[in-house]
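> Please find the sequence and the predicted model below.
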Amino acid sequence: GQQLNQSPQSMFIQEGEDVSMNCTSSSIFNTWLWYKQDPGEGPVLLIALYKAGELTSNGRLTAQFGITRKDSFLNISASIPSDVGIYFCAGQLRTSYDKVIFGPGTSLSVIP
Amino acid sequence: ETGVTQSPTHLIKTRGQQVTLRCSSQSGHNTVSWYQQALGQGPQFIFQYYREEENGRGNFPPRFSGLQFPNYSSELNVNALELDDSALYLCASSLATGGANVLTFGAGSRLTVL
């Protein structure tokens, strides 16, 4: 079945540093999504990507949909303490329903 | 705009019991999906309901079942609970538009099976 891999698994950075995380898949997706999950909460959508090669920004966050449609990356610039959390990439196929495949997540810790 | 609300937030059951989890969709949404998130992992798709019928299912056994009601709220039922069913169960709602629909998640119901 479809599987996503995320790297790194976890990262510890200083406040103000830039962050980069990646996601790869064994399958092609039509849509790539990046979610953030805080403790005790459900995932919250950060960025949605709909076309191969698309580069999209949301404030300090930038994400790209890989040309092969099998990968994506997320960059966070000038990290702040509230960026702490688990970041999930997710792929979605254009089917009759909204099945979303999630990666295992990247845990981000920001040291003030 | 009301978000997705789930109940209960936490519950403990013993092996073999049955559990029902509830979800109220975000206002204006007509589709509900359920996900299982084991500790330290990403959410896994269980199934989706649209127009009160299941229209997509992940790799979960039949003892996982659901309902969607006319007001678009939903229930997840799990029979014959097993220890591995311990997880955070997430409900997500969306508005079916014919394209890739954005999911809005609730905070989840944490189930512990002893």
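Alright, I've got the coordinates.
> how about the strands in chain A?
A:4-7, A:10-14, A:19-25, A:31-37, A:44-49, A:55-58, A:61-65, A:71-76, A:85-92, A:100-102, A:106-111 (DSSP state E).
> which other helices and strands contact the longest one?
Yep, that's strand A:85-92 we're talking about. strand A:4-7, strand A:19-25, strand A:31-37, strand A:71-76, strand A:100-102, strand A:106-111 (3 or more Cβ pairs under 8 Å, 6 or more residues apart in numbering or on different chains; DSSP states H and E). Where you see a C-beta, it was placed from the backbone N, CA and C, and this is true even at glycine.
> Which strands border the shortest one, and is each parallel or antiparallel?
Right, the one you point to is strand A:100-102. strand A:85-92 (antiparallel) (DSSP bridges).
> Near chain A, which residues of chain B? Just list them.
Residues of chain B lying close to chain A by Cβ under 8 Å from any Cβ of the partner chain are B:4, B:31, B:33, B:35, B:40-45, B:48, B:50, B:55-56, B:58-59, B:90, B:92, B:94, B:99-108.
> Can you pull the phi/psi pair for residue A:84?
Backbone torsions of residue A:84, given as degrees, to the nearest 10, read phi -60, psi 140.
> residue contacts, it?
Each residue near residue A:84 by Cβ atoms under 8 Å, 6 or more residues apart in numbering or on different chains is listed here: A:108-110.
> so how far is residue B:63 from it?
37 Å (Cβ to Cβ, to the nearest Å).
> before we move on, what about residue B:14?
Taking Cβ to Cβ, one finds residue B:14 at 15 Å from residue B:63.
> More neighbours: these two, which one.
residue B:63 (13 against 10; other Cβ atoms under 10 Å in any protein chain shown).
> pLDDT score assigned to the closest residue to the more buried one other than its chain neighbours?
The shortest distance from residue B:63 to any residue other than its chain neighbours is 4.3 Å, reached at residue B:79 (Cβ to Cβ, 6 or more residues apart in numbering or on different chains). On the pLDDT scale, residue B:79 is placed at 98.
> Hmm, residue B:79 is touching residue B:60, no?
No - using Cβ atoms under 8 Å, residue B:79 is not in contact with residue B:60, being 11.9 Å away.
> got any ranges where chain A has weak pLDDT?
A:1, A:94-96 (pLDDT under 70).
> partner strands of the lowest-mean-pLDDT helix or strand in chain B, parallel or antiparallel?
Lowest mean confidence among the helices and strands of chain B (mean pLDDT, DSSP states H and E): strand B:53-57, at a mean of 91. Applying DSSP bridges to the sheet, strand B:53-57 is found paired with strand B:44-50 (antiparallel).
> Name the helix or strand for the closest residue to residue B:103 other than its chain neighbours, please.
Distances taken as Cβ to Cβ, 6+ apart place residue B:92 nearest to residue B:103, at 4.0 Å, with adjacent residues excluded. In the assignment (DSSP states H and E), residue B:92 maps to strand B:87-94.
> residues in contact with the nearest residue to residue B:29 once chain neighbours are set aside?
Nearest residue to residue B:29, sequence neighbours excluded (Cβ to Cβ, 6+ apart): residue B:93, at 3.9 Å. Neighbouring residues of residue B:93 by Cβ under 8 Å, 6+ apart: B:4, B:23, B:25-26, B:29, B:31-33, B:72, B:103-104.
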